[in-house]
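*Asks:* Predicted model and sequence below, questions to follow.
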Amino acid sequence: MHPDHELAQKLKVITIDGPAGSGKSTVAKIVATKLGWIYVTTGAIYRSLALLFHEANLKEKDLGSIERFTSFINERYRQESLSGKVFLGEREVTQEIKAPFVSELASVLAQEDSVRKRLLPIQRKVVLNNNGAVVDGRDMGTVVFPDAPLKIFLTASPEERAERRLKELHSNGMKTNIKELIKEINERDIRDTNRKIAPLKPAIDAITLDSTKSTQEEIARIILNYAIQKEMIIQKSEI
Ligand SMILES: Nc1ncnc2c1ncn2[C@@H]1O[C@H](COP(=O)(O)OP(=O)(O)OP(=O)(O)O)[C@@H](O)[C@H]1O
Ligand SMILES: Nc1ccn([C@H]2C[C@H](O)[C@@H](COP(=O)(O)O)O2)c(=O)n1
């Protein structure tokens, strides 16, 4: 725990849910760093599963073999709490799992009950083994941490989200264009929102923030202020 932060005796979890590219993991990292908490981007778990699936040349119809992959993820998946780097065993997959085909397959597999059931305890374990976490995904506030004292639903316009993603992919040397990205993001939002199990939606007690015209630092500051208001943390000058 960060030595300068006194923390109240509450579940120390801040959840950030929202559509693809709204800035969840960027903001989660800033907030967690300020608090000396860990941050967990649960999309990386679904993405890692999708990468393994793809590499084994499997398709949705092969979900029967999900056990093999989820137990691999359970044993080998690791997200560094400070850098956010993602590993499967010794292999670093941080950039690989950002590829658009992985995004799509992750979203497709995430519709399946068998997949969600298997990944749920992995997400809870990572967080509850630590003293304070900021977690982002699609169902953090609704399903995985329904008792979290502070829940954020982060949005941004699809165009802005696609622009951000385009910059990110280009800076990592991946080729794509804005039209394709808007299409991919819209399709993913529709699939994630309309699935039967744990769909993307704000928890009833979530605070919705629109980041279209705000910087990541501004959004992080708003979230930290809510955490102070909710007495999850005691205000210190440097937070
Ligand atoms: N408020 C912001 N203003 C400008 N760019 C931002 C903002 N927030 C995040 N970004 C940038 O947008 C891109 C997507 O952000 P991020 O990966 O945090 O989104 P996400 O919601 O976690 O996405 P996904 O659900 O697809 O994993 C990143 O390149 C990030 O640096
Ligand atoms: N809690 C979560 C996290 C992710 N998913 C699925 C749906 C997403 O489209 C996909 C990739 O996630 P991202 O990296 O964009 O956050 O994984 C989910 O269903 N639930």
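*Replies:* Yep, it's here. Numbers count the residues shown, from 1 in each chain. Ligands and ions are numbered 1, 2, ... in the order given.

*Asks:* what does the chain put close to ligand 1?
*Replies:* 18, 20-26, 43, 136, 164-165, 168, 211, 214-216, 219 (C-beta under 6 Å from any ligand atom). Every C-beta, even on glycine, is put in place using the N, C-alpha and C of the backbone.

*Asks:* Show me just the buried residues among these.
*Replies:* 18, 20-26, 43, 136, 164-165, 211, 214, 219 (16 or more other C-beta atoms under 10 Å).

*Asks:* What about ligand 2: which of the residues you listed touch it?
*Replies:* 20, 43.

*Asks:* about what we covered before: can you flag which of the residues of the chain next to ligand 1 belong to helices?
*Replies:* 24-26, 43, 164-165, 168, 216, 219 (DSSP state H).

*Asks:* can you list these in CSV and add pLDDT?
*Replies:* Below are those laid out as CSV (pLDDT from 0 to 100):
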residue, pLDDT
24, 97
25, 95
26, 96
43, 96
164, 94
165, 90
168, 88
216, 97
219, 98
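
*Asks:* residue contacts, residue 165?
*Replies:* 20-21, 181, 185 (C-beta atoms under 8 Å, 6 or more residues apart in numbering).

*Asks:* Ok, residue 122 next?
*Replies:* Taking C-beta under 8 Å, 6+ apart, one finds 45, 70, 73-74, 77 in contact with residue 122.

*Asks:* in which helix or strand would I find residue 40?
*Replies:* strand 38-41 (DSSP states H and E).

*Asks:* Check the offset of that strand from the chain's centre.
*Replies:* Averaging C-alpha positions (C-alpha atoms, centre = their mean, to the nearest Å) puts strand 38-41 8 Å from its chain's average.

*Asks:* just stretch 109-126 next, same as before
*Replies:* That offset, for stretch 109-126, works out to 13 Å (C-alpha atoms, centre = their mean).

*Asks:* residues of the lowest-mean-pLDDT helix or strand in the chain that come out buried?
*Replies:* Lowest mean confidence among the helices and strands of the chain (mean pLDDT, DSSP states H and E): helix 66-76, at a mean of 82. Going by neighbour count (16+ other C-beta under 10 Å), the buried part of helix 66-76 is 66, 69-70, 73.

*Asks:* With stretch 224-234 instead?
*Replies:* For stretch 224-234, by 16+ other C-beta under 10 Å, it's 224, 226-227, 232-233.

*Asks:* Could you list everything residue 13 pairs with in the sheet?
*Replies:* residue 133 (DSSP bridges).

*Asks:* mind checking how far it is from ligand 2?
*Replies:* Using C-beta to the nearest ligand atom, to the nearest Å, residue 13 is found at 14 Å from ligand 2.

*Asks:* Surely that residue is in contact with residue 144?
*Replies:* No. Using C-beta atoms under 8 Å, residue 13 is not in contact with residue 144, being 9.2 Å away.

*Asks:* Overlap of the contact sets of those two?
*Replies:* Contacts common to residue 13 and residue 144, judged by C-beta under 8 Å, 6+ apart, are residue 135.

*Asks:* Residue numbers of this structure in contact with ligand 2?
*Replies:* So the chain meets ligand 2 at 20, 42-43, 46-47, 103, 106-107, 110, 137-139, 188, 192 (C-beta under 6 Å from any ligand atom).

*Asks:* give me that answer again for 8 Å
*Replies:* Within reach of ligand 2 by C-beta under 8 Å from any ligand atom, the chain has these residues: 17, 20-21, 24-25, 41-47, 50, 97, 103, 106-107, 109-111, 116, 123, 136-140, 144, 188, 191-192, 195, 198, 200.
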